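In: Turn this into a model:
(one chain, ligands or ions: 1)
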Amino acid sequence: MRYDYLIVGAGLFGSVFAREATDRGKTCLVIEKRKHTGGNIYCEQIEGINVHKYGPHIFHTDLENVWEYVNRFVSFNRFTYCPVANYKGELYNLPFNMNTFNRMWGVVTPEEARQKISEQIKEAGIKEPANLEEQALSLVGRDIYEKLIKGYTEKQWGRDCKDLPAFIIRRLPVRFTYDNNYFNHPHQGIPIGGYNALIDALLDGIEVQLNTDYLAEQSYWDEMADKVIYTGPIDAFFGYQEGYLEYRSLRFETEILDTENFQGCAGMNYTDRETPWTRITEHKHFEYRTQPKTVISKEYSVEWKPGDEPYYPVNDEKNQSLFQRYQMLARKQSKVIFGGRLGEYRYYDMDKVIDSALRMAKRLLWEERMPY
Ligand code: UDP
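Out: Residues are numbered from 1 along each chain as shown. As a prediction, the model looks like this:
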């Protein structure tokens, strides 16, 4: 055994775990299938702009320990995500707040907005929201549901809103103030120098091998270390023996434009059903936007099929119960521990991934010291 830990995957989970283990005197080898580290937070520099290659990532958290942790490695700018919804050329502020309600109904006071929404909830006759459509109707009413939620969500998930779980829409704040900040968390920003700076700092001094497919030569790699932290797809680890876990995948069309400012904000969501993309990200707005040109990415949500890049886990009942079967198999593995978005099949925000990696590190590195 040459290493204490083999870490499969150089994304956030793997990088945080590797840092923690290394700092506690463990030897680690990180192997990564892609040609770069960072997983889906990786950015590519184009025209001097950090382009979020795998979709826009805005760091936000209410976990003080996580905020303190990331600030040990990088500083954050003061970026606040205020995306705009574009419904057939009508523009609405997101998340749903007094600016949205005013534009939709002309209401001015929170009282008037609540009144309008409660009328619409009454009309819909919902008591206990059982799916995303009912949840959306009871949070913001039918007008907002139809213009700003239904089309976007059905494009995003490729499913009818009635067939989606309510929790997806509960991610979004609904506010009765004139506040366009997309997140409720007290801490938010983009790492100064981009996300690669965070990953580079986490992996500083740690051995990393890129372009390396663990599953292609699993027994060879397993020989290398006492324990394996596996952050790839859990079903792939088991050769899909129980079946494929489903995802939504994304496709990006990235263009360099010879203009200084294309859309005036980092994110514009196209919430109608007809526009084929879900949103356009203009990357320079995440940082200092001093570059003469701009880079935009049109984002298309696509049905995932085996071999495609997995992005969003489809957390419906069928997939959840399949995941549980894989979890049972995973528990029987004595040497391999599963973590991260793909290892745990979870719709994970970055801060939660870091928190989970820190907990795992604490648990494993602590357990080792226990005299069993
Ligand atoms: N959503 C919507 N309209 C929007 C933005 C989001 O209906 O303009 C819904 C949609 O169902 C989406 C969910 O809210 O899946 C969560 O959005 P979020 O921005 O949190 O998604 P993510 O950041 O994971 O892409």
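In: Strands along the stretch 51-200 of the chain, start to end?
Out: With DSSP state E, counting those that start in this stretch as the criterion, the stretch 51-200 of the chain has strands at 59-61, 84-87, 90-93, 187-189.
In: gap between Glu317 and Ser138?
Out: 22 Å (CB to CB, to the nearest Å). (Each C-beta comes from the backbone N, C-alpha and C, glycine too.)
In: who has more neighbours, these two?
Out: Counted by other CB atoms under 10 Å, Glu317 and Ser138 do not tie: Ser138 has more neighbours, with 19 against 8.
In: List the residues that contact that one.
Out: The neighbours of Ser138, taking CB atoms under 8 Å, 6 or more residues apart in numbering as the test, are Ile121, Ala124, Ile126, Pro129.
In: Please produce a PyMOL select command covering the buried subset of the residues you listed.
Out: To isolate the buried subset of the contacts of Ser138 in PyMOL, counting by 16 or more other CB atoms under 10 Å, use the following:
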select buried, resi 121+124+129
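In: Can you pull the phi and psi angles for the nearest residue to Cys82 once chain neighbours are set aside?
Out: Nearest residue to Cys82, sequence neighbours excluded (CB to CB, 6 or more residues apart in numbering): Asn180, at 4.1 Å. Backbone geometry at Asn180, expressed as degrees, to the nearest 10, gives phi -90, psi 10.
In: Asn180: neighbouring residues, count only.
Out: Counted with other CB under 10 Å, residues neighbouring Asn180 total 19.
In: for Leu139, same thing?
Out: 20.
In: Using CSV, write down the CA coordinates of stretch 250-269.
Out: Coordinates of each C-alpha in stretch 250-269 appear next as CSV, following Å, rounded to 0.1, in the frame of the first residue of the first chain:
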residue,chain,number,x,y,z
LEU,A,250,-27.0,19.9,-20.0
ARG,A,251,-25.6,21.1,-23.3
PHE,A,252,-23.9,24.5,-23.6
GLU,A,253,-23.4,26.6,-26.7
THR,A,254,-20.7,29.0,-25.8
GLU,A,255,-20.0,32.1,-28.0
ILE,A,256,-17.5,34.9,-27.9
LEU,A,257,-19.2,38.1,-28.9
ASP,A,258,-17.5,41.3,-30.0
THR,A,259,-19.4,43.4,-27.7
GLU,A,260,-18.6,44.6,-24.2
ASN,A,261,-22.0,43.8,-22.5
PHE,A,262,-24.5,41.5,-24.1
GLN,A,263,-27.4,41.1,-21.6
GLY,A,264,-26.5,43.3,-18.6
CYS,A,265,-26.6,40.5,-16.0
ALA,A,266,-25.0,37.2,-15.3
GLY,A,267,-28.1,35.1,-15.7
MET,A,268,-31.2,35.4,-17.9
ASN,A,269,-33.8,32.6,-17.6
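In: Adjust the sequence numbering to begin at 10 for everything that follows.
Out: Sure, I'll start numbering at 10, so the last one becomes stretch 259-278.
In: That one and the ligand, any residue contact?
Out: Yes. Judged by CB under 6 Å from any ligand atom, stretch 259-278 comes into contact with the ligand through Asn278.
In: what's the model's confidence in that stretch, averaged?
Out: Stretch 259-278 shows a mean pLDDT of 98.
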